[in-house]
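A.B. asks: Let me see the structure of the following:
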Amino acid sequence: MIRAAFAAAKSLKRDFGEVEHLQVSEKGPGDFVSRADVQAERTLRAELARTRPEYGFLGEEGGETRGDGRNRWIADPLDGTTNFLHGVPHFAISLALERDGEVIAGVIYQPVSDELFWAEKGNGAFIDTPNARSRRLRVSGRKELARALVATGIPHIGRGDHPDYLRKLEAVMGRTAGVRRWGAASLDLAFVAAGRYDAFFEYGLAPWDVAAGLLLVREAGGLVNDVAGRPYAFGGPSLLATNADLREPMVALLA
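C.D. replies: Numbering: from 1, shown residues only. Coordinates of the predicted model:
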């Protein structure tokens with residue numbers, strides 16, 4: 001998995017340096033796909049197929065390829081496409097392995113910072129950086145909303161219920177230490193796992209946005225639910241990731 005992510009990152013880093021020359025086509029209002037996006041997914045598929053040709057694959061750009069019925073890769077080759085296309089250096093490759101309906105391994109790689117977040121079910125979550133290898137991740141220990149830094153995803157044009165979201169955002173702004181919106185859900189979840197954020201909530205996320213990040217948060221001691229505190233499932237309308245102490249306060253706040 002890590003080798004595949006690194007291979008896909010090579011072309012992303014090259015194209016990010018020449019972002020103004022990318023061939024870009026529009027998928028929908030405010031939702032763009034670049035040549036870099038498509039090429040990164042092709043690279044992921046090819047690299048993974050070399051060692052596990054029997055596994056299925058679900059990707060944001062190329063859809064689903066059915067495999068042996070037990071194992072499936074779930075990939076977002078470029079999470080943060082809008083950032084990428086605007087020259088904002090905050091984007092990632094997200095890759096997860098699902099077995100019998102359960103995510104058992106996940107990798108999130110940020111090519112610009114060269115930070116690799118990874119987790120295996122039952123074995124913990126870790127980060128590799130240029131200066132340190134395999135440092136264990138733990139969610140933050142903050143217990144008070146007033147001290148919490150919360151990340152979110154703000155719905156853009158053509159997506160979501162803007163008035164309803166603004167009411168929830170207003171409530172969070174008034175009770176927490178700050179709100180951040182960086183535009184890459186996989187990294188938001190990785191940052192919760194690393195204790196950089198204390199909570200993260202968003203609406204309308206797809207499996208490839210969250211598969212690897214969910215495992216990271218859980219293996220780092222965090223909790224993942226919907227915003228009402230119910231169990232989260234792929235395709236659910238909302239997601240809330242927190243440490244154990246902040247789950248109930250965040251659920252009450254978002255209600």
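
A.B. asks: pLDDT below threshold where in this structure?
C.D. replies: Within the chain, the ranges that satisfy pLDDT under 70 run 20, 27-31.

A.B. asks: Nearest to the spatial middle of it, which residue is it?
C.D. replies: The residue lying closest to the centre of the chain (Cα atoms, centre = their mean) is Ser186, at 1.2 Å.

A.B. asks: host element of Ala190?
C.D. replies: Counting by DSSP states H and E, the element that carries Ala190 is helix 185-193.

A.B. asks: Sheet partners, orientation included, of the helix or strand just after that helix?
C.D. replies: Once helix 185-193 ends, the next helix or strand along the chain (criterion: DSSP H and E) is strand 199-203. The strands beside strand 199-203 in its sheet (DSSP bridges) come out as strand 149-152 (parallel), strand 238-242 (antiparallel).

A.B. asks: so how far is the last one from its chain's centroid?
C.D. replies: Averaging C-alpha coordinates over strand 238-242 and over its chain gives two centres that are 12 Å apart (Cα atoms, centre = their mean, to the nearest Å).

A.B. asks: Please find the angle between the direction vectors of that strand and helix 185-193.
C.D. replies: 30 degrees (axes from the mean of the first three to the mean of the last three Cα atoms, to 10 degrees).

A.B. asks: Once you drop chain neighbours, what's closest to Asp161?
C.D. replies: Excluding the flanking residues, the one nearest Asp161 by Cβ to Cβ, 6 or more residues apart in numbering is Pro155, at 7.4 Å. Where C-beta positions appear, they are placed from N, C-alpha and C, glycine not excepted.

A.B. asks: All set now, cheers.
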